[in-house]
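*Asks:* build me a model:
(chains A, B, C and D)
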2 protein chains.
Amino acid sequence: MEMPKYMTLVTWIKKKIESGELKYGEKVYSENELSAMFHISRQTVRQAINILAQDKYLESRQGSGTYVVFNTTVKREPTKTIGVVTTYVRAYIFPQIIRGIEDVLTKNGYSMQLAFTHNKIQNESRVLRSMLEKGMDGMIIEPTQSGLPNPNFKIYEEIQRQRIPVIFINSGYPGMKIPHVSLNDRAAGLLATEYLIRAGHKRIAGIFKSDDHQGHLRYAGYLDALLKAGYEIHDENVFWYSTQDVPDFSKFEQIILRRIEGCTGLLCYNDEVGMRIVEIMKRNGIAIPEDLSLISIDNSDLAALCEVPLTSVAHPMNVLGETAAQNLLRLIQDHTFKATVDFEPKIVERKSVRVLE
Amino acid sequence: MEMPKYMTLVTWIKKKIESGELKYGEKVYSENELSAMFHISRQTVRQAINILAQDKYLESRQGSGTYVVFNTTVKREPTKTIGVVTTYVRAYIFPQIIRGIEDVLTKNGYSMQLAFTHNKIQNESRVLRSMLEKGMDGMIIEPTQSGLPNPNFKIYEEIQRQRIPVIFINSGYPGMKIPHVSLNDRAAGLLATEYLIRAGHKRIAGIFKSDDHQGHLRYAGYLDALLKAGYEIHDENVFWYSTQDVPDFSKFEQIILRRIEGCTGLLCYNDEVGMRIVEIMKRNGIAIPEDLSLISIDNSDLAALCEVPLTSVAHPMNVLGETAAQNLLRLIQDHTFKATVDFEPKIVERKSVRVLE
DNA sequence: CCTAAAAAAATGTACGTACAACTTTGCCGA
DNA sequence: TCGGCAAAGTTGTACGTACATTTTTTTAGG
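*Replies:* Numbers count the residues shown, from 1 in each chain, chains lettered A, B, ... in the order given. Next up, the predicted model:
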């Protein structure tokens, strides 16, 4: 038999629900009705309903009937607009990511609504609410303070309730079941640290950002590498900073110098930090890469333009943007599409790492 | 009918599996055998097996048979020993927590194997491995660096695979399905901040720990309170530190002073930080509570002994320890027991908060 | 018009049969 | 000894019936 009878009934009902013909809470035909309609026995109908109940499409109530529990969308008018929320816009790797997104969207007849949060949750709240109000066909979001519990959880719940397709870029909130398109940050941290290890470095410090999940992952990769190489982990060689520390970064100069004491290698969370470190080291007479080998992540313009060109792990940037946009458009067509992508990292070698003899 | 026939079969098989009589991968009786054994029809047997398949106890393979897929334990000899792992032992609130645990364990004929990690993941790795080797009947663990991805994930997986009952105290790793007994840290942050708000403070700064999940939750509660009161959130008034910053805390003096500029209230992650802040403020001629109202969390000895006695949110301490131990012992008896407890916070008023007119 | 009982309707449990699809086992012949 | 094949065993699909339990609707009585 090609397809079992109960299976044809399963797909028939599923389609009715997903197309919106049967809405949330509505009663579906009774078992006897379906049995008559499809000329199959009631037992077979029950088998089909059982499967749909397992998949959370239906729910039976004895004596009453069988009801749809699948939360279908209220059909909105397509706006052909995609909301794009990032932390920053004009600097660092963001212009290229956004350009990648825009290319794909315009090519497909969508327009883009761009907003940024400066990594502040109150801005994220405002921006998301406004986009919900305007009605987007889909959203590409770089999470704000993804390393901390998100107080905008309710807004995200509302977005999911309304079944607006969303893709996170660069990161994601652990716990939320939203697909992401990112650099594999853990692998990036691992790769960068292993690069230093292969260059003969034994004591390697790290500087990471604590309020972004990316920071946690890159740190995890850093640990993975140290453990894999059989090295001890020295917490005293790790420095954590947060978004609000960035304007004060120079104030941490003494602390950072203390943290890297005795280290020949240093992994920086990103190129921006890497560049700051280069400045700090210069001021303090520590030569890079002669005295300290430095590797960073993202491979932004900064890495190339830095006084000491930085060896850095490549971020896919525009490719990431394009992929996110493409996958979002597919997700709009097909809600079941698995949109998550992790880009594997690659090292771009420049002049900030010295090979130890 | 009291209990349906298929249900008696479900419980019968479940028991056989959970007791270890039927092990992972083993074939269970065929549908016809069960039908004969229990004098019920094959359809009814199938109904029971279906339920167990849904619950991931069994898996049927057509033409072959039905197999156990529930990962059962190899029965170990009870050691009557409970492993207790905390970050610190002799200081702060830890002696009281541990005393609470010990009281309950000894009263029930268990001995305690105590170890501490200093909040370093490599110590946690060593300690957990050693305990796994020795064989514990159960474990009470305060997670190490719970605010960061845990590189000891594999060890925790192994513990769960061996079905050793575990309860986390004070926190937990988000994502792991392990029960915890904790202060409701989010509520604690909320309560403390609301206390300052009720005292008339409008601009409230916060100092939190970034590598502990507790820090994230207390911060989330702090945000909850500000949002609830309709206040703006000012990231520049939040300071994050990590475990390795503690010895250097005085180095952050200038940065912290900058962060609390313009604030009349300050929420401190714990009493230890609170006390440090009191010292710093004294050195800089800022009077507490006249110029700055300070509230902290944990209500340890430090809060009472501090130069300026600190208003603080009470941590259950020995009650928490007792509860964790009691629930662990119940969990050893009954693997399905829901052991998670969140203690609701209470304010202990002292002299560090001033009511604004 | 309201209430309470009765009837109807819906799902839940349980039995039975038959055959299909697939896997394992064991036998037989090369 | 091994491959192939048939037989036996096991789960999957499908039908039918009967009655239980629960909810909803209808009806009858006041």
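*Asks:* all strands of the stretch 251-357 of chain A, in order?
*Replies:* Residue ranges of the strands in the stretch 251-357 of chain A, as given by DSSP state E, counting those that start in this stretch, are A:265-268, A:293-298, A:311-314, A:341-343, A:347-348.
*Asks:* the stretch 1-150 of chain A too?
*Replies:* For the stretch 1-150 of chain A, the strands defined by DSSP E, counting those that start in this stretch cover A:58-61, A:65-68, A:81-86, A:111-116, A:138-141.
*Asks:* with only the CA atoms kept, save the last one in PDB.
*Replies:* Put plainly, it is strand A:138-141. Included here for strand A:138-141 are C-alpha records, laid out as PDB according to Å, rounded to 0.1, in the frame of the first residue of the first chain:
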ATOM      1  CA  GLY A 138       9.500  38.800   8.700                       C
ATOM      2  CA  MET A 139      12.400  40.000  10.900                       C
ATOM      3  CA  ILE A 140      16.100  39.700  11.000                       C
ATOM      4  CA  ILE A 141      17.300  40.600  14.500                       C
END
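*Asks:* which residues touch that strand?
*Replies:* A:82-86, A:101, A:128, A:131, A:159, A:164-169, A:324-325, A:328-329, A:331-332 (Cβ atoms under 8 Å, 6 or more residues apart in numbering or on different chains). No exception for glycine: its C-beta is placed from N, CA and C like everyone else's.
*Asks:* helices - which of these land there?
*Replies:* Residues of the contacts of strand A:138-141 located in helices (DSSP state H): A:101, A:128, A:131, A:159, A:324-325, A:328-329, A:331-332.
*Asks:* if we take those residues, which one ends up nearest to residue A:150?
*Replies:* residue A:128 (10.7 Å; Cβ to Cβ).
*Asks:* ok so, going back, out of the ones in helices among the contacts of strand A:138-141, what pair is the most spread apart?
*Replies:* So, the ones in helices among the contacts of strand A:138-141 by Cβ to Cβ: farthest apart are A:128 and A:329, at 20.5 Å.
*Asks:* what does the stretch 251-357 of chain A put close to chain B?
*Replies:* Selection of the stretch 251-357 of chain A residues close to chain B by Cβ under 8 Å from any Cβ of the partner chain yields A:251-252, A:254-255, A:258-259.
*Asks:* quick one, which of those residues are buried?
*Replies:* Among those, those classed as buried by 16 or more other Cβ atoms under 10 Å in any protein chain shown are A:252, A:255, A:259.
*Asks:* got phi/psi on the most centrally placed residue in chain A?
*Replies:* Nearest residue to the geometric centre of chain A (Cα atoms, centre = their mean): residue A:171, 2.9 Å. Dihedral angles of residue A:171 (phi, psi; degrees, to the nearest 10) stand at phi -160, psi -160.
*Asks:* return the per-residue confidence for it.
*Replies:* Listed pLDDT for residue A:171 reads 91.
*Asks:* again, but for the one 3 residues further on
*Replies:* What the model reports as pLDDT for residue A:174 is 79.
*Asks:* neighbours of it, how many?
*Replies:* Counted with other Cβ atoms under 10 Å in any protein chain shown, residues neighbouring residue A:174 total 13.
*Asks:* pretty sure it contacts residue A:213?
*Replies:* Yes: counting by Cβ atoms under 8 Å, residue A:213 is a contact partner of residue A:174 at 6.6 Å.
*Asks:* can you pull the poorly scored residue ranges out of the stretch 51-200 of chain A?
*Replies:* In the predicted model of the stretch 51-200 of chain A, residues A:71-76 satisfy pLDDT under 70.
*Asks:* can you name the residue of it nearest chain B?
*Replies:* Minimum separation of the stretch 51-200 of chain A from chain B (Cβ to the nearest Cβ) falls at residue A:149, amounting to 4.1 Å.
*Asks:* next, the contact list for that residue, please.
*Replies:* B:186, B:216-217, B:219-220.
*Asks:* columns neighbour count and secondary structure on top of those, output as CSV?
*Replies:* Converted to CSV, those look like this (neighbours: other Cβ atoms under 10 Å in any protein chain shown; DSSP: H, G, I helix; E, B strand; the rest coil):
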residue, neighbour count, secondary structure
B:186, 21, helix
B:216, 27, helix
B:217, 26, helix
B:219, 27, helix
B:220, 20, helix
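*Asks:* now do the domain split for chain A, please.
*Replies:* Domains of chain A are assigned by automatic domain parsing as A:5-68, A:81-184+A:318-343, A:185-315.
*Asks:* just checking, residue A:44 touches residue A:8?
*Replies:* No: in this structure residue A:44 lies outside contact range of residue A:8 using Cβ under 8 Å: 10.0 Å.
*Asks:* more neighbours, these two?
*Replies:* Relative neighbour count places residue A:44 above the other of residue A:44 and residue A:8, with 17 against 14, counting by other Cβ under 10 Å.
*Asks:* gap between the more buried one and DNA strand D?
*Replies:* Applying Cβ to the nearest atom of the strand, to the nearest Å, the value for residue A:44 to DNA strand D is 3 Å.
*Asks:* number of nearby residues for whichever residue of the stretch 51-200 of chain A sits closest to DNA strand D?
*Replies:* Nearest residue of the stretch 51-200 of chain A to DNA strand D (Cβ to the nearest atom of the strand) works out as residue A:63 at 2.2 Å. Counted by other Cβ under 10 Å, the residues lying close to residue A:63 total 5.
*Asks:* one more: residue A:127?
*Replies:* As a measure of burial, residue A:127 has 21 neighbours, counting by other Cβ under 10 Å.
*Asks:* go on, the one 10 residues further on?
*Replies:* Other residues near residue A:137 come to 19 when the count uses other Cβ under 10 Å.
*Asks:* then residue A:261?
*Replies:* Neighbour count for residue A:261, taken as other Cβ under 10 Å: 11.
*Asks:* now the phi/psi pair for it, please.
*Replies:* Residue A:261 adopts backbone torsions of phi -60, psi 130, taken as degrees, to the nearest 10.
*Asks:* show me what the closest residue to residue A:166 other than its chain neighbours is bridged to.
*Replies:* Among residues not flanking residue A:166 along the chain, residue A:139 sits closest, at 4.7 Å (Cβ to Cβ, 6 or more residues apart in numbering or on different chains). Judged by DSSP bridges, the bridge partners of residue A:139 are residue A:83, residue A:166.
*Asks:* so who does residue A:216 touch?
*Replies:* Contacts of residue A:216 (Cβ under 8 Å, 6+ apart): A:147, A:208, A:210, B:147-149.
*Asks:* which among the residues you listed count as buried?
*Replies:* Among the contacts of residue A:216, those classed as buried by 16+ other Cβ under 10 Å are A:147, A:208, A:210, B:147-149.
*Asks:* and which of these is nearest to residue B:28?
*Replies:* Of all these, residue B:149 has the smallest distance to residue B:28: 39.0 Å, by Cβ to Cβ.
*Asks:* any figure for the gap between that closest one and residue B:37?
*Replies:* Using Cβ to Cβ, to the nearest Å, one obtains 49 Å as the distance from residue B:149 to residue B:37.
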